[in-house]
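Undergrad: Build me a model from this:
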Amino acid sequence: MASEGADAYTTQVFFSLGLLPLILIVWRAAGMGAKPESRRVGIAWAFLTGVLGGTGNVAFFHALSIGGKASIVAPATALFPLVTVILAMTLLRERIGTAQKLGLGLALVAIYLLSM
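TA: Numbering: from 1, shown residues only. I've put the predicted structure just below:
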């Protein structure tokens with residue numbers, strides 16, 4: 001209902017404006033005692049995280065604005081750790097156990113069942 005009257009980009013702008021006070025508090029707290037080179041790296045990672053997070057939010061809001069059911073879109077996007085696990089397995093060569101494999105399988109089954 002909240003995004004019914006606005007497009008995905010407008011909704012993202014309001015989402016970001018709502019986070020602004022928290023961002024300022026964290027920025028001020030993080031700047032105390034940090035080395036300049038570590039601050040630059042941290043700012044770069046924070047910027048990349050913000051860009052990727054904002055892109056994900058726009059996709060989420062867009063899915064809702066084109067008629068996606070919140071009961072399907074929200075749980076499906078909440079399974080984003082699957083991407084992390086898959087990247088860790090492929091890029092970092094991390095090994096996962098049987099329980100984790102079962103969990104991944106159940107998460108994929110859940111996405112399928114929700115979309116029916």
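Undergrad: Spatially nearest residue to T77, not counting backbone neighbours?
TA: Nearest residue to T77, sequence neighbours excluded (C-beta to C-beta, 6 or more residues apart in numbering): F60, at 5.4 Å. Using the backbone N, CA and C atoms, a C-beta is placed for each residue, glycine as well.
Undergrad: Now that that neighbour has come up, it's in contact with P75, right?
TA: No - between F60 and P75 there is no contact under C-beta atoms under 8 Å: 11.7 Å.
Undergrad: Show me the domain layout of this structure.
TA: 1-68, 79-116 (automatic domain parsing).
Undergrad: just for the protein, where's the confidence low?
TA: For the chain, the stretches with pLDDT under 70 are 1-6, 30-34, 36.
Undergrad: Dump the domains of the chain into CSV; add mean neighbour count as well.
TA: As requested, the domains of the chain are arranged in CSV below (neighbours: other C-beta atoms under 10 Å):
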stretch, mean neighbour count
domain 1-68, 12
domain 79-116, 11
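Undergrad: give me the element I96 is part of.
TA: Per DSSP states H and E, I96 falls between elements, in no helix or strand.
Undergrad: give the contact list for it.
TA: 85, 89, 104 (C-beta atoms under 8 Å, 6 or more residues apart in numbering).
Undergrad: Got the phi and psi for it?
TA: With angles defined as degrees, to the nearest 10, I96 sits at phi -120, psi 150.
Undergrad: same question, L22
TA: Taking degrees, to the nearest 10, you get phi -70, psi -40 for the backbone angles of L22.
Undergrad: what residue is smack in the middle of this structure?
TA: Nearest to the mean C-alpha position of the chain, counting by C-alpha atoms, centre = their mean, stands G53 at 4.9 Å.
Undergrad: what's the offset of the helix or strand where that one lies from the middle of its chain?
TA: Using DSSP H and E, G53 sits in helix 36-65. Centroid displacement of helix 36-65 relative to its chain, using C-alpha atoms, centre = their mean, to the nearest Å, is 8 Å.
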